[in-house]
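Visitor: just the structure for this:
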Amino acid sequence: MFLNRRVVLVAIFFTSVAFSQKNEKQKDSIKNNKLDEVIVTATRTVRQLSSVPMPVTLISKKQIQQSGSVRLSDILIEQTGITTASDFGGFNGVQMQGLDAEYTLILIDGVPLVGKRSGNIDLDRISVNNIKQIEIVKGPSSSLYGSDAIGGVINIITEKPKHDVLKGSLQFLARGGAKNELDMNANLVYKKDKLGINAGINTNSSAGFDLSPQTSFKTTNGHENYTGNFKVLYDFTDKLKTTVSTRFFEENQGNLTEQNNQKDWSVNVDLNHKVSDKWNLDYTFYVTDFNTKSETELEVSTFNQTLIRPEIRSQFSIGKLDAIVGVGASFEEVDRSDFLKKEKFDSQYVFGQLDYNPTSKLNVIIGARFDNHSQYKSAFSPKISTRYVVNNWLATKASVGYGFKAPDFRQLYFNFRNTASGYVVFGIKTLHELYGNLPEVQQFDTDLNPENSVGFNLGFELKPINNLAININVFRNDIEDLINTFDTQINPLNFNLPAGTRVFTYENRDKVYTQGFELDANYKIDDNFRFIAGYQFLEAKDKEEEALIKSNQIFIRRTPTSPSEKLTIDNYFGLPNRSKHMANAKLYYQNFEHRFSANLRAIYRSKYALYDTNNSQGVIDEYDDFVSGNITLNTAIEKKLFSLLKVQFGIDNLLDEKGESNATKQAFLNNDAALQLGRTYYGRIQFNF
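Guide: Numbers count the residues shown, from 1 in each chain. Just a heads-up that it's a prediction; the model follows:
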């Protein structure tokens, strides 16, 4: 596929406008390069990264550019304790602290993305163009952000001009090898007096790729997508300022037998009123829409989701106490082919947070949020975090919080019928609406409870020597009322369905936990070299499965022909798609004199299971087939030429690790989930003006 001509014309327009103006140098009022250390996501207030009392990762714009990333998933998988996994729709979602993607809230400039068709936000919808930094908060964050923040929050912060400036850039990337891809960005930043503008366009196209050519279908079909963002800032006075941000995304993907189109757009209006030096008011109005259309020769399926969310926040300071309170509402609706009709959710919420520094060494943050929802029980989400500076080389921090995830539209209103494959899936409300008169259906609850969790994090920050920083975080997440599909075991003839059809619906049942620790180290070797490394140990298990194993109710076969035996707790592995060990190591080199840089980045993931392969009642044990552990090695070099041009060349998966040993296992034959994309090469050229 080729880049759209209209995008190229817009890029040329940006270039002509920029060169017709006088380029004014940006005045940097922040000294000692502290800009990258400032975050807002953890407390919804501006904080220095080093002072935050909960586990937080910051990915800077420089890190994103050095890695050669073009989509959000590219850069996230290089972070400690984070990996990606595909849902049933084939969308890549993020896994943190062993929790699935549906438990992590994805934000852009503090407002949520929508469009979870199968539980995940597809990370490939998000271009890294025009991103200032990415802030990752691990652990329950529902006290500030409400539903879906059980595992944490990923907030993508886009560029925002703060000083008088006129600058722009054009960037082209071409990738070849195991995957052919073209990516282009055009950006323009302007600020003069009271008016600021930030505009960006990204277009990305690929022919797709195929991990198992012997099968009749590609792993990923070719696509062409476009992302546009436009932000306007205006200062009415020194105390009254507004920001209007818009974003648009469209993708077309398909083959000869299927065509898919997805679009999403959003508008976010923020009005900031600085009442006094110690009191700020923020008024936000956010609206977003996501829709897809899939066409085959036999059917057309659609999905459309809309969210409207007004919010008011007040931030004030009294002595050593900083406080924030907020109130808001959400109006959400979904219309999809697999629903009986358009469905709506309404909710109202209020939250508050106290940030107190009783001494120069101790910081305590207490927060809570109350959510009232039209379709499920109200939720109260408290959290407390502390940080104590022991001495000049050691600080400790700890947090405990409650998180929740509301039942989604699919779990309540699904009406999916695939009788040709022998099954149907009903949302719990749809089941009762259609067949509530059946005694067999009346035994099931008519509602679902929110999934809820309690998460603990205990951290240590060490600076044992100059230029070395070490962060250790121990975590535990206990989740209850997990919503799972289950076979109702009801005779399909009662539903007027063909004999043999299995009828599934949803219930609150499972209790799981994830626990482990993370270690991050950042060492500045000298002015030219920096070494960064991270490691996570993880256990992720189902409490009900553990109870069944301890009561000798689970049986296994070590091989297909071996005798049946009881599974012991020592041989219980845990939840699918979780690795006990993950690590990363990165070496960066910077030559300031010749304006040259290079890096080498390694990512390790130990073995993991996709599902039960030895018929042990769905329980994964050490005798199942596993996807083998692997190391991915990436490298890139970059050179700045003059003041206007930057070139980069890189190789991803330098060792060409494809997971081919997994393809020989009977359980993974023709299963692309057990394979990896091979070696790819890319070149990037960027013009700055």
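Visitor: name the nearest residue to the most far-flung residue of the chain relative to its centre, sequence neighbours excluded.
Guide: The centre of the chain is farthest from one residue, Pro563, which by C-alpha atoms, centre = their mean lies 43.5 Å away. Excluding the flanking residues, the one nearest Pro563 by C-beta to C-beta, 6 or more residues apart in numbering is Arg557, at 7.2 Å. In this view, the C-beta of every residue, glycine as well, is placed from N, C-alpha and C.
Visitor: neighbours of the one you found, just the number please.
Guide: Per other C-beta atoms under 10 Å, the neighbour tally for Arg557 reads 14.
Visitor: quick check on it: phi, psi?
Guide: phi -120, psi 130 (degrees, to the nearest 10).
Visitor: how about it, what does it touch?
Guide: Arg557 sits next to Pro563, Ser564, Glu565, Asn614, Asn615, Ser616, Tyr623 when contact means C-beta atoms under 8 Å, 6 or more residues apart in numbering.
Visitor: among those, which are in strands?
Guide: Among the contacts of Arg557, DSSP state E puts Glu565 in strands.
Visitor: ok, and the most crowded of the contacts of Arg557?
Guide: That'd be Ser616 among the contacts of Arg557, by other C-beta under 10 Å, with 21 neighbours.
Visitor: nearest residue to it other than its sequence neighbours?
Guide: Nearest one to Ser616, counting by C-beta to C-beta, 6+ apart, is Ile556 at 4.2 Å.
Visitor: beta-bridge partners for that neighbour, please?
Guide: Note on Ile556: beta-bridge partners by DSSP bridges are Glu565.
Visitor: touching, it and Asp612? I think so.
Guide: No - in this structure Ile556 lies outside contact range of Asp612 using C-beta atoms under 8 Å: 9.3 Å.
Visitor: next, show the common contact partners of these two.
Guide: Joint contacts of Ile556 and Asp612 (C-beta under 8 Å, 6+ apart) are Val619.
Visitor: what separation is there between Gly326 and Ser562?
Guide: Separation of Gly326 from Ser562 (C-beta to C-beta, to the nearest Å): 59 Å.
Visitor: which one's more surrounded, the two?
Guide: Neighbour count, other C-beta under 10 Å: between Gly326 and Ser562, Gly326 has more, with 19 against 11.
Visitor: in contact with that one, which residues?
Guide: Arg44, Glu311, Ile312, Arg313, Ser314, Val350, Phe351, Gly352.
Visitor: pLDDT and secondary structure added to those, as JSON lines?
Guide: Below are the contacts of Gly326 laid out as JSON lines (pLDDT from 0 to 100; DSSP: H, G, I helix; E, B strand; the rest coil):
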{"residue": "Arg44", "pLDDT": "89", "secondary structure": "coil"}
{"residue": "Glu311", "pLDDT": "98", "secondary structure": "strand"}
{"residue": "Ile312", "pLDDT": "98", "secondary structure": "strand"}
{"residue": "Arg313", "pLDDT": "98", "secondary structure": "strand"}
{"residue": "Ser314", "pLDDT": "98", "secondary structure": "strand"}
{"residue": "Val350", "pLDDT": "98", "secondary structure": "strand"}
{"residue": "Phe351", "pLDDT": "98", "secondary structure": "strand"}
{"residue": "Gly352", "pLDDT": "98", "secondary structure": "strand"}
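Visitor: buried set for the longest strand along the chain?
Guide: In the chain, assigned by DSSP E, the strand with the most residues is strand 502-524. Neighbour counts over strand 502-524 (16 or more other C-beta atoms under 10 Å) mark 503-508, 510-521 as buried.
Visitor: quick one: strands adjacent to it?
Guide: With DSSP bridges as the test, strand 502-524 pairs up with strand 423-426 (parallel), strand 468-487 (antiparallel), strand 529-542 (antiparallel).
Visitor: tell me where the model's unsure across the stretch 51-200 of the chain.
Guide: Within the stretch 51-200 of the chain, the stretches with pLDDT under 70 are 87-90.
Visitor: the chain now?
Guide: For the chain, counting by pLDDT under 70, the residues that fall below are 1-36, 87-90.
Visitor: residue ranges for the helices of it, please.
Guide: Applying DSSP state H to the chain gives helices spanning 5-19, 61-67, 72-76, 142-145, 409-413, 428-435, 439-442, 543-550, 660-663.
Visitor: need the contact list for Asn614.
Guide: Shown in contact with Asn614 (C-beta under 8 Å, 6+ apart): Ile556, Arg557, Arg558, Pro560, Asp621, Tyr623, Asp624, Asp625.
Visitor: closest to Lys639 out of those residues?
Guide: Asp625 (45.6 Å; C-beta to C-beta).
Visitor: right, and the closest one touches Ala609 too?
Guide: Yes - if you go by C-beta under 8 Å, Asp625 and Ala609 touch, sitting 7.3 Å apart.
Visitor: which residues does stretch 270-283 contact?
Guide: Contacts for stretch 270-283 (C-beta under 8 Å, 6+ apart): 238-245, 284, 311-318.
Visitor: that stretch spans what distance, first to last residue?
Guide: Stretch 270-283 has an end-to-end distance of 6 Å (C-alpha to C-alpha, to the nearest Å).
Visitor: make 850 the first number, not 1, from now on.
Guide: Sure, I'll start counting at 850 from here, so that last one is stretch 1119-1132.
Visitor: so for it, what gets flagged as buried?
Guide: So for stretch 1119-1132, counting by 16+ other C-beta under 10 Å, buried means Asp1119, Leu1120, Asn1121, His1122, Asn1129, Asp1131.
Visitor: quick one: stretch 1509-1522 to chain centroid distance?
Guide: 27 Å (C-alpha atoms, centre = their mean, to the nearest Å).
Visitor: repeat that for stretch 1197-1204.
Guide: Its chain's average C-alpha position is 24 Å from that of stretch 1197-1204, according to C-alpha atoms, centre = their mean.
Visitor: buried set for it?
Guide: Across stretch 1197-1204, burial judged by 16+ other C-beta under 10 Å covers Tyr1198, Phe1200, Gly1201, Gln1202, Asp1204.
Visitor: would you confirm that Asn1110 contacts Phe1098?
Guide: No - checked against C-beta under 8 Å, the pair Asn1110 and Phe1098 is beyond contact range at 11.4 Å.
Visitor: neighbour-wise, which of these two wins?
Guide: Phe1098 (21 against 15).
Visitor: now for the nearest residue to Lys1232 once chain neighbours are set aside, how many residues are close by?
Guide: In this structure, Lys1232 finds its nearest non-sequential neighbour in Gly1250, 3.3 Å apart by C-beta to C-beta, 6+ apart. Gly1250 has 25 neighbours, counted by other C-beta under 10 Å.
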